[in-house]
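Student: Structure for the following, please:
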Amino acid sequence: MKEIGGHHIMGLCVLKWGYKFLADLLDYIKAPNRNSDKSIPMTVDFIRLKIYCNNQSTGDIKVIGGDNLSTLTGKNFLIVEDTIDTDKTMQTLLSLVKQHNPKMVKVASLLVKRTPRSVGYRPDFVGFEIPDKFVIGYALDYNEYFRDLNHACVISETRKAKYKA
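Tutor: Residues are numbered from 1 along each chain as shown. Model (predicted):
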């Protein structure tokens, strides 16, 4: 919040994975405001990116939603993502967003994978660095399963086989 200041913030949540992290992050951001006369104005929008089939990236990044990104022009804005691994998804989204001339763009990612496939992009805010494993739970899924887990964990090969698309 020190970097963003008291300016209006638009949160852009990457669905479906980022919703739980966004909800927890907003609760954390709002906590100091509860006993203060200050408030940080926030609005939230959602965008969905389709990347995976089973646990493999398809190589294609499909943007679903966020049709009117022109509302981002001149605004401070925080992209909330679940996991950054190869960086291609975030770089694609950032280039799309920057076409609309936002005032400021920051990225918060719950997880950043340590992987040789990374091209070196680092988000502004990182929750945890993790090994290059496929993680489920805490809204992260494997073929739409396991989003409901309250924790994040690595999926076993047995579970991958059972829930394969």
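Student: Show me the helices in this structure, by range?
Tutor: Using DSSP state H, the helices of the chain run over residues 19-30, 88-98, 157-162.
Student: Any idea how many residues pack against H7?
Tutor: 11 (other C-beta atoms under 10 Å). Where C-beta positions appear, they are placed from N, C-alpha and C, glycine not excepted.
Student: hang on, I meant I84
Tutor: 22.
Student: Output the below-cut-off pLDDT ranges for the protein.
Tutor: For the chain, the stretches flagged by pLDDT under 70 are 1-2, 4-6, 32-33, 37-38, 50-68.
Student: middle-most residue in the protein, spatially?
Tutor: With distances taken as C-alpha atoms, centre = their mean, E81 lies nearest the centre of the chain, 0.7 Å away.
Student: Now do that one against R159, distance only.
Tutor: Distance of E81 to R159, given as C-beta to C-beta, to the nearest Å: 24 Å.
Student: Repeat that for T92.
Tutor: 29 Å.
Student: same check, this time on F21
Tutor: Distance, F21 to R159, by C-beta to C-beta: 22 Å.
Student: The two: which is more packed in?
Tutor: Neighbours per residue, other C-beta under 10 Å: of F21 and R159, the larger number sits with F21, 23 against 14.
Student: wait, doesn't that one sit right on G137?
Tutor: No - in this structure F21 lies outside contact range of G137 using C-beta atoms under 8 Å: 11.9 Å.
Student: Tell me how many other residues crowd A165.
Tutor: By the criterion of other C-beta under 10 Å, A165 has 8 neighbours.
Student: Let me fix that, I meant to ask about E144.
Tutor: 9.
Student: contacting residues around it?
Tutor: Shown in contact with E144 (C-beta atoms under 8 Å, 6 or more residues apart in numbering): no residues.
Student: Identify the residue spatially nearest to K106, adjacent ones excluded.
Tutor: D124 (4.4 Å; C-beta to C-beta, 6 or more residues apart in numbering).
Student: now that neighbour: how far from L49?
Tutor: Taken as C-beta to C-beta, the span from D124 to L49 is 19 Å.
Student: Understood, closing this out.
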